[in-house]
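**Q** coords below, sequence missing:
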């Protein structure tokens, strides 16, 4: 090394050579591990993709579990066929039921275990002798 460099580095030529050899060893180690900027970008891009894919899989799994619990609660609270027969369609709102439809509805209510009013019972169980 030149005398000016030796003075700038601390004055000792042997110490400078030792320090530079340590730096060279560290640089060599770094060079072995170092990647080009392109390779770094590619690796980061791939890791971002993997993170995103893993996150999507986790989200799907959570949604599937939530969906299963919703379906379970729906099946617990589902109506049976008798209860569905009792209910009437909204398209029949404002429609006057015929006598036959009323009697059929009263019979379904009674079979489902719902108490009928006195008027409904009278209409359902009227005898042919009362009719003029």
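**A** Alright, I've got the coordinates. Keep in mind it's a predicted model, so treat the numbers as computed, not measured. Numbering: from 1, shown residues only.

**Q** Distance from the chain centre to the longest helix anywhere in the chain, please.
**A** Counting by DSSP state H, the longest helix found in the chain is helix 37-76. Once both centres are worked out by C-alpha atoms, centre = their mean, to the nearest Å, helix 37-76 turns out to sit 10 Å from its chain's centre.

**Q** Same question for stretch 91-111.
**A** On C-alpha atoms, centre = their mean, the centre of stretch 91-111 falls 43 Å from the chain's centre.

**Q** quick thing: my sequence starts at 665, can you match it?
**A** Sounds good: first residue 665 from here, last item stretch 755-775.

**Q** Can you name the next helix or strand after the longest helix of the chain?
**A** Heading C-terminal from helix 701-740, the first helix or strand you meet, by DSSP states H and E, is helix 745-750.

**Q** what's that following helix in contact with?
**A** 769, 772-773, 775-776, 778 (C-beta atoms under 8 Å, 6 or more residues apart in numbering). Bear in mind the C-beta positions are built from the backbone N, C-alpha and C, glycine included.

**Q** any low-confidence regions in this structure?
**A** Scanning the chain for pLDDT under 70 picks out the ranges 665, 675-697, 792-796.

**Q** Next up, the contacts around the residue nearest the centre of it.
**A** The chain has residue 727 as the residue nearest its centroid, 2.2 Å off, counting by C-alpha atoms, centre = their mean. For residue 727, no contacting residues are found, by C-beta under 8 Å, 6+ apart.

**Q** Please determine how far it is located from residue 707.
**A** Distance, residue 727 to residue 707, by C-beta to C-beta, to the nearest Å: 30 Å.

**Q** now residue 788
**A** Taking C-beta to C-beta, one finds residue 788 at 80 Å from residue 707.

**Q** Over to residue 791?
**A** From residue 791 to residue 707 the distance is 91 Å (C-beta to C-beta).

**Q** returning to that earlier point: so residue 788 and residue 707 - more neighbours on which side?
**A** residue 788 (16 against 11; other C-beta atoms under 10 Å).
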